[in-house]
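S.K.: Give the three-dimensional model of this entry:
(2 chains)
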Amino acid sequence: MNATSPPNTWDAYPDVNGRFGDFGGRYVAETLMPLVLDLDRAYAAAKADPAFQEELNGYMTHYVGRPSPLYFAERLTRHFGGAKIYFKRDELNHTGAHKINNCMGQILLAMRMGKTRIIAETGAGQHGVATATVCARFGLPCIVYMGETDVERQKPNVFRMNLLGAEVRPVTSGTGTLKDAMNEAMRDWVTNVADTYYLIGTAAGPHPYPAMVRDFQSVIGTEARAQMLEMEGRLPDAVVACIGGGSNAIGLFHPFLADEGVRLIGVEAAGHGLESGLHAASLTGGRPGVLHGNKTYLLQDPDGQIIDAHSISAGLDYPGIGPEHAFLHDAGRAEYISATDEEALDAFKLCAELEGIIPALEPAHALSRVGEIARELGPDKIVLMNLCGRGDKDIFTVADALGRRI
Amino acid sequence: MTKARIDDRFAALKAEGRAAFIAYIMAGDPDLAQSFEILSGLPAAGADLIELGFPFSDPMAEGVPIQRAAQRSLAGKTTLAKTLDLVRRFRLQDTATPIVLMGYLNPVLNAGFDAFAAAAAEAGVDGLIIVDCPPEESGPLADALDEAGISLIRLAAPTTDDARLAIVARRTSGFMYYVSVAGVTGTKEADEHTVAPAVARVRKASGLPVAVGFGIKTPERAAAIARVADAAVVGSALVDEVAAAVADGTPATPKVLAKAAALAQAVRTARA
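M.R.: Below you'll find the model as predicted:
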């Protein structure tokens, strides 16, 4: 087992087989294996091609709106009375979340590969909206699989996807949430092998997805690191991000991996509380297993059946986590903690009232831990949080949780 | 060595000049008692080999019929250990019909490869098919199965080219399973004209008998495939009989065995 031994260089992961230590890999049906290997080759070629990178950068600047600002959250800092709190403002991207960073990269790759039909899974709908957006922009048909439970609780995003010309297919199998949507997308892919590109939204799935999604999302950490050096003349002491599958967190963490003095802190969704069993904290409450093409920490019962996750945030409601997080967890490079539904709601309100920013429920989980981290670090320190999405999509859920009618 | 049972069965069928009929059922579907009745009755109904599915919560390569079968099975609290119990009891009455377990990796990984392989061999399992474990990831599992004398049966698909077939055929024994359509189980129809050359390719690469499955629902399809392959596998059509029985509150066993008998008859007479 090399998962727990400290690696010499973090950039060596994953290896050629898509392994982050003991995690990752390619656990897919044989029918998909040649496609996954083909994608690996195509992505490696694109990554090494300056023309591809230049094209991507152009869209990131003029369409997505990058770089996103680094913002000193002055009133929250004063409120908590500890380290300076900075937000990386990825909620200001086009479509309102970090998801578009990855979608823009993958849609250009899909077109480069000659694929003509795009499928995706979505939980909260942010990845579905981002995928529908890039498909509209480049004129490709788009089918988004979404659990029927999520279709119900994220109606605004379903309507947005429809406006963008995407077909949203409600998934009724299982419990009708993100994991079932991912199962259904895999079933579509295995059925339509010739023309279809599966645009996975999180840093999970068979290799090369975890590495590729990380690379496309690393723009978050790369920008934030440079912006912090410019504004403060030094690196932050801790960087914090929420984790469902873990794409925004790995995008923020990865450029800081070699900066040993920077603590990396991921916040999982604890739902009704870890002890309740109704949560989505795979690292804190799960154990290693294989699902959706990769080996990673999973919520599972004693017989290896996957347990449904629970979170007020549809975007964190997933029983697994990206394999690189599993690796960083076991290697001790990153810390993983959790926040409950209630704590996230409190942070949601606090952020709106003190900073004039309505965050998505996902980063509200991260924010609910930032206060204690800031106090623990003390006044001369700096904590950086990824505000990875805006909360417009969540107002109905929040109103419901607060017992208000809108 | 239990893998001898698979080899013996294919050798006997080759001598008879016919293909095998492989019946797939889900352990614990609709419940453990009835699935044991079905399992027990399959050899007399004409099944030459049996694929016994063990349930998984997230069966990504299955169509709706087998997804629902897994849900029914899990609702009845079927576990991997209880699945092996079915095989153990079956072996008290039948020592000749090969049983191949089929499912997804996580329950097996969870049990531990070595512990699972030893328990499966002891119960009388002859082979294992793991849908989501391609050759690149199957080293530790193959080691454990080798140690226990259980065949690791690999899948080849329409997307598997010749270069890859060589990789797929490595460390496999018993037979190869050709997935006749790009898709999930029980949806598209297998076409013998495209299947025939593929079977020849897989046979050449592996030197093993080739079973064909994923797109066979009717006796006519089963017969057509039995003319070009070494075995025809039917799963969703049998599982559909269980679903129908559950829907009208009747016993599942007679329905499933009648369907199996019709399919077996078609396979047995296909080359006559």
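
S.K.: name the element residue A:337 belongs to?
M.R.: In this structure, residue A:337 sits in strand A:334-340 according to DSSP states H and E.

S.K.: Contacts made by that strand with the rest, please.
M.R.: With contacts defined as C-beta atoms under 8 Å, 6 or more residues apart in numbering or on different chains, strand A:334-340 is touched by A:243, A:253, A:263-274, A:279, A:281, A:283-284, A:325, A:328-329, A:347, A:365-366, A:368-369. The way it works is simple: take the backbone N, C-alpha and C, and place the C-beta from them, glycine included.

S.K.: Sheet partners, orientation included, of it?
M.R.: Note on strand A:334-340: by DSSP bridges, its sheet partners are strand A:263-271 (parallel).

S.K.: tell me the mean pLDDT for the strand it pairs with?
M.R.: The average pLDDT for strand A:263-271 rounds to 97.

S.K.: Show me which residues of the stretch 301-406 of chain A sit near chain B.
M.R.: Residues of the stretch 301-406 of chain A lying near chain B by C-beta under 8 Å from any C-beta of the partner chain: A:302, A:303, A:304, A:305, A:306.

S.K.: Find me whatever residue is spatially closest to the fourth one, sequence neighbours aside.
M.R.: What it means is residue A:305. In this structure, residue A:305 finds its nearest non-sequential neighbour in residue B:57, 4.3 Å apart by C-beta to C-beta, 6 or more residues apart in numbering or on different chains.

S.K.: give me the number of residues near that neighbour?
M.R.: By the measure other C-beta atoms under 10 Å in any protein chain shown, the count of residues near residue B:57 is 25.

S.K.: How about residue A:358?
M.R.: When neighbours are defined as other C-beta under 10 Å, residue A:358 has 18 of them.

S.K.: Please apply the same query to residue B:146.
M.R.: 15.

S.K.: Is the helix or strand harbouring it positioned near chain A?
M.R.: Using DSSP H and E, residue B:146 falls within helix B:139-148. No: in terms of C-beta under 8 Å from any C-beta, no part of helix B:139-148 sits within range of chain A; the closest distance is 10.7 Å.

S.K.: Which elements pack onto that helix?
M.R.: Contacts defined by 3 or more C-beta pairs under 8 Å, 6 or more residues apart in numbering or on different chains; DSSP states H and E place helix B:139-148 against helix B:113-123, strand B:127-130, strand B:151-152.

S.K.: where exactly do the helices run in the stretch 101-250 of chain A?
M.R.: Ranges of helices in the stretch 101-250 of chain A, per DSSP state H, counting those that start in this stretch, are A:126-138, A:148-153, A:155-163, A:178-191, A:209-217, A:219-232, A:247-253.

S.K.: what's the most buried one of those?
M.R.: Comparing these by mean neighbour count (mean count of other C-beta atoms under 10 Å in any protein chain shown), helix A:247-253 comes out on top with a mean of 31.

S.K.: For it, give the mean pLDDT please.
M.R.: Averaging pLDDT along helix A:247-253 yields 98.

S.K.: With stretch B:240-249 instead?
M.R.: 98.

S.K.: Can you give me the buried ones in that stretch?
M.R.: Buried positions in stretch B:240-249, judged by neighbour count with 16 or more other C-beta atoms under 10 Å in any protein chain shown: B:240, B:241, B:242, B:243, B:245, B:246.

S.K.: List of residues touching it?
M.R.: Residues outside stretch B:240-249 that contact it (C-beta under 8 Å, 6+ apart) are B:25-26, B:29-30, B:38, B:65, B:68-69, B:72, B:186, B:251-252, B:255-256, B:258-259.

S.K.: The same query, at a cut-off of 6 Å, please.
M.R.: Residues outside stretch B:240-249 that contact it (C-beta atoms under 6 Å, 6 or more residues apart in numbering or on different chains) are B:29, B:30, B:65, B:252, B:255, B:256, B:259.

S.K.: Thanks a lot, catch you later.
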